[in-house]
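Visitor: Give me a model of this one.
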Amino acid sequence: MPDENKRNLQYFESTSMRGLYECMEDWQNENNKRLLSVSIQCDGGKYYCIAPTNPTEVIICNGVSGDQASVMDGELSVCDFC
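Guide: Coordinates of the predicted model:
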């Protein structure tokens, strides 16, 4: 996929839990992205993890300008004239 934004699934594996942690931590430091969730399994003497990353198209905003979303009374409010 040419668009990096469309690719948010990562695979990690190692022969030890410590190695898996280091591999995942190194990836996060290099790519400056968070993992949304992790699922760690053991198979054939290796630890592996498949994890979705936080997609960059999700933008968290504070609703300061008129073209952003805001939360009012616990509900999301989205409009272009707020």
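
Visitor: what does stretch 37-49 rub up against?
Guide: Applying Cβ atoms under 8 Å, 6 or more residues apart in numbering, the contact partners of stretch 37-49 are 11-17, 19-20, 24, 50-52. In this view, the C-beta of every residue, glycine as well, is placed from N, C-alpha and C.

Visitor: And the next helix or strand past the least confident helix or strand in the chain by mean pLDDT?
Guide: Of all helical and strand segments in the chain, the minimum by mean pLDDT, DSSP states H and E falls on strand 70-72, at a mean of 72. Next helix or strand after strand 70-72 toward the C-terminus (DSSP states H and E): strand 75-77.

Visitor: helices or strands next to that next one in the packing?
Guide: strand 70-72 (3 or more Cβ pairs under 8 Å, 6 or more residues apart in numbering; DSSP states H and E).

Visitor: Buried ones only from the contacts of stretch 37-49, please, as a ChimeraX command.
Guide: Entered in ChimeraX, the line below selects the buried ones among these, by 16 or more other Cβ atoms under 10 Å:
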select :12,14,20,24,51
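
Visitor: Pipe the contacts of stretch 37-49 into CSV and attach distance to E30 and pLDDT per row.
Guide: Shown next, in CSV, are the contacts of stretch 37-49 (distance: Cβ to Cβ, whole Å; pLDDT from 0 to 100):
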residue, distance to E30, pLDDT
Y11, 15, 95
F12, 13, 96
E13, 17, 96
S14, 16, 97
T15, 21, 97
S16, 20, 96
M17, 21, 96
G19, 16, 97
L20, 16, 96
M24, 11, 95
I50, 18, 94
A51, 15, 93
P52, 17, 91
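
Visitor: ok now do M17, which residues does it touch?
Guide: 40, 47.

Visitor: Thanks a lot, see you next time.
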